[in-house]
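Asks: pasting the sequence and the predicted model now:
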Amino acid sequence: MEHFSVGVVGTGYVGLATGACLAYVGHRVTCLDNDLERVASLREGRIPFYEPGLEELMARSAGRLRFAGSERLAEVAGEADVLFVAVGTPQGGDGSADLSNVAEVARAIGRSLGGSTPREFPLVVVNKSTVPVGSAYYVSTLVGDGIDEAGGEGAEFRVASNPEFLREGSAVHDSLFPDRVVVGTDSKEALDVLRTLYTPIVEQSFPTEWDPRPKVAVPFVTTDLASAEMIKYAANAFLATKISFINEVANLCELVGADVSEVAYGVGLDDRVGSRFLSAGLGWGGSCFPKDVAALRATAREYEHETPLLDAAAAVNERQRKQVISKLQRDLHTLKGKRVALLGLSFKPNTDDLRGAPSLTIASALNSLGARVIGYDPVAGKAAAQLAPDIQAVFDPYEALRGAHAAVVVTEWEEIRGLDPSRAASLMREPKLIVDGRNALDAAASQEAGLLYRGFGRGYDRG
């Protein structure tokens, strides 16, 4: 197998998972970041966020994986065959993606190329960040501008789009065993390099102790730049819409007395639909779905094009969080002076990420209505307490339930799924209300233990 020298600019979830996995399958990788404290921590083998398996993967790749500050970009760009741009593209005020970080890196890459000795082969610059359609051409222009600034002539590079599809909490698995690898480029040279770079992953030819399942070749999708960029947005927008759809169905189930869990199971058996992303509850959060749906809608507005389906998906998702407050008010009547426990604070299990987390929105609303909010999360409690003063963080789920009039299941951590309903009931005050925002608990067992159970779309006649 041919091994490449790879640079990765940015050590967030995407950049660090990409760098560690490429090093694990045999490439020489340097990850760059402008946060020198983060770089120092990574050199010691510690990652700055919670991601199962990533520290272990870094340790296994130690001989081929190194970390450096962004001031080493010129050196890395001079040595690298491939340079990934994996910096943040936060949501702007109008919903569009903020490309200022990408632009800064692109110009810096150009300056590095313009000021270096001529290369034998063009550098392949890869957009790994989630960027709007057209961004590859924007990056190409900015790299060229940087070369001109440095007075370079003949510094060659090629640009490609290689969107990521990893999920926080399973970034290692999703990087090593992806559903597909998508590469968009108008350069045969770039395509050949990236095809070879990903050969160990596409062919699943690396040691598979990470996953005992049989090796299955990964589809390698090649397309144009714009289509590759759109694939990323369309995939996330579709999944977000699927979640909003089942939540719309759940709200109707409550009215007619049906159980959305049974409905989703029956619908999901149809292989045209599939069972994934049909879990009703509080809706989607995190850093990807909200940002990507907003960015796609913003792109449509640039072309004066309407997106009523995406608009509705976003509206349904926002409404689901308000449903929690309505359910609490229905049984508590007033929230003033009531103690409400939020069980789970991160936006999903197996991560400490609070970006777009429903817990923050719910806590703010409860606080404004006079409730006292106690929060528990196995990994995100301290961060939530710093980010949201509305939440009094505790580090044991039963401590959160002690004296609570109501509890809301916000994140379906195993520690929360496994709660003892009898113990919970013995600690809570009347009416001992449980609003299960993820339909994660056993409704019958909760009721038998003396809890007043309210799920999403499960019908009030069933609890």
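Replies: Sure thing, it's come through. Numbers count the residues shown, from 1 in each chain.

Asks: for Glu254, see how far away Gln323 is.
Replies: 9 Å (CB to CB, to the nearest Å). All C-beta atoms are positioned from the backbone trio N, CA, C, and that covers glycine.

Asks: wait, Arg423 touches Tyr398, no?
Replies: Yes: between Arg423 and Tyr398 there is a contact at 6.3 Å, judged by CB atoms under 8 Å.

Asks: re the thing from before, who touches both of Gln323 and Glu254?
Replies: Common neighbours of Gln323 and Glu254 (criterion: CB atoms under 8 Å, 6 or more residues apart in numbering): Phe456.

Asks: any idea how far the helix or strand Arg158 falls within is from the chain center?
Replies: Assessed by DSSP states H and E, Arg158 sits inside strand 157-161. How far strand 157-161 lies from its chain's middle: 25 Å, per CA atoms, centre = their mean, to the nearest Å.

Asks: average model confidence for the helix or strand that that strand is followed by?
Replies: Sequence-wise, the next helix or strand downstream of strand 157-161 (DSSP H and E) is helix 171-176. Averaging pLDDT along helix 171-176 gives 93.

Asks: show me what helix 171-176 is packed against.
Replies: Counting by 3 or more CB pairs under 8 Å, 6 or more residues apart in numbering; DSSP states H and E, the packing neighbours recorded for helix 171-176 are helix 13-24, helix 54-60.

Asks: nearest to Thr222, of those?
Replies: Comparing the helices and strands packed on helix 171-176 against Thr222 with CB to CB, the closest turns out to be helix 13-24 (18.8 Å).

Asks: which residues touch the closest one?
Replies: With contact meaning CB under 8 Å, 6+ apart, helix 13-24 is reached by 6, 8-9, 11, 29-31, 33, 42, 47, 49, 51, 54, 57-58, 60-61, 64-65, 84, 86-87, 128-129, 164, 166, 168, 171-172, 174-176, 197, 201, 206, 353.

Asks: show the contacting residues for Leu166.
Replies: Per CB under 8 Å, 6+ apart, neighbours of Leu166: Tyr13, Val14, Ala17, Asp174, Ser175, Pro178.

Asks: tell me the pLDDT at the residue nearest to Pro90 when sequence neighbours are not counted?
Replies: Distance criterion CB to CB, 6 or more residues apart in numbering; nearest residue to Pro90, sequence neighbours excluded, is Asp98 at 5.0 Å. Listed pLDDT for Asp98 reads 89.

Asks: what is the neighbour count of Asp98?
Replies: Asp98 has 15 neighbouring residues, counting by other CB atoms under 10 Å.

Asks: hang on, the earlier thing: who wins for most neighbours among the contacts of Leu166?
Replies: Ala17 (29 neighbours).

Asks: how about the closest residue to it other than its chain neighbours, what does it touch?
Replies: Nearest residue to Ala17, sequence neighbours excluded (CB to CB, 6+ apart): Ala171, at 4.1 Å. With contacts defined as CB under 8 Å, 6+ apart, the neighbours of Ala171 are Tyr13, Ala17, Glu51, Leu54.

Asks: so Asn350 sits right up against Glu168, yeah?
Replies: Yes: Asn350 is within contact range of Glu168, at 7.4 Å (criterion: CB under 8 Å).

Asks: neighbour count winner among the two?
Replies: Glu168 (25 against 20).

Asks: the more buried one and Phe347: what is the separation?
Replies: 8 Å.

Asks: contacts for the worst-scoring helix or strand of the chain on mean pLDDT?
Replies: Counting by mean pLDDT, DSSP states H and E, the chain has its least confident helix or strand at helix 381-387, which shows a mean of 85. Contacts of helix 381-387 with the rest of the structure, by CB under 8 Å, 6+ apart, involve 345, 352, 354, 357, 359-360, 375, 377, 391-395.

Asks: all strands for the stretch 101-250 of the chain, in order.
Replies: For the stretch 101-250 of the chain, strands defined by DSSP state E, counting those that start in this stretch occupy the ranges 123-127, 157-161, 181-185, 220-223.

Asks: of these, which is nearest Glu414?
Replies: strand 181-185 (30.8 Å).

Asks: what lines up beside the closest one in the sheet?
Replies: Strand pairing for strand 181-185, using DSSP bridges, gives strand 157-161 (antiparallel), strand 220-223 (parallel).

Asks: can you list the domains in this protein?
Replies: The chain breaks down by automatic domain parsing into domains covering 5-223, 243-462.

Asks: kindly list the longest helix within the chain.
Replies: Determined from DSSP state H, the single longest helix within the chain is helix 225-256.

Asks: next, the angle from that helix to strand 157-161.
Replies: 20 degrees (axes from the mean of the first three to the mean of the last three CA atoms, to 10 degrees).

Asks: any buried residues in helix 225-256, and which?
Replies: Neighbour-count burial for helix 225-256 flags 225-226, 228-233, 235-237, 239-251, 253-254 (criterion: 16 or more other CB atoms under 10 Å).

Asks: what of stretch 136-149?
Replies: Ala136, Tyr138, Val139, Ser140, Leu142, Val143, Gly144, Asp145, Gly146, Ile147.
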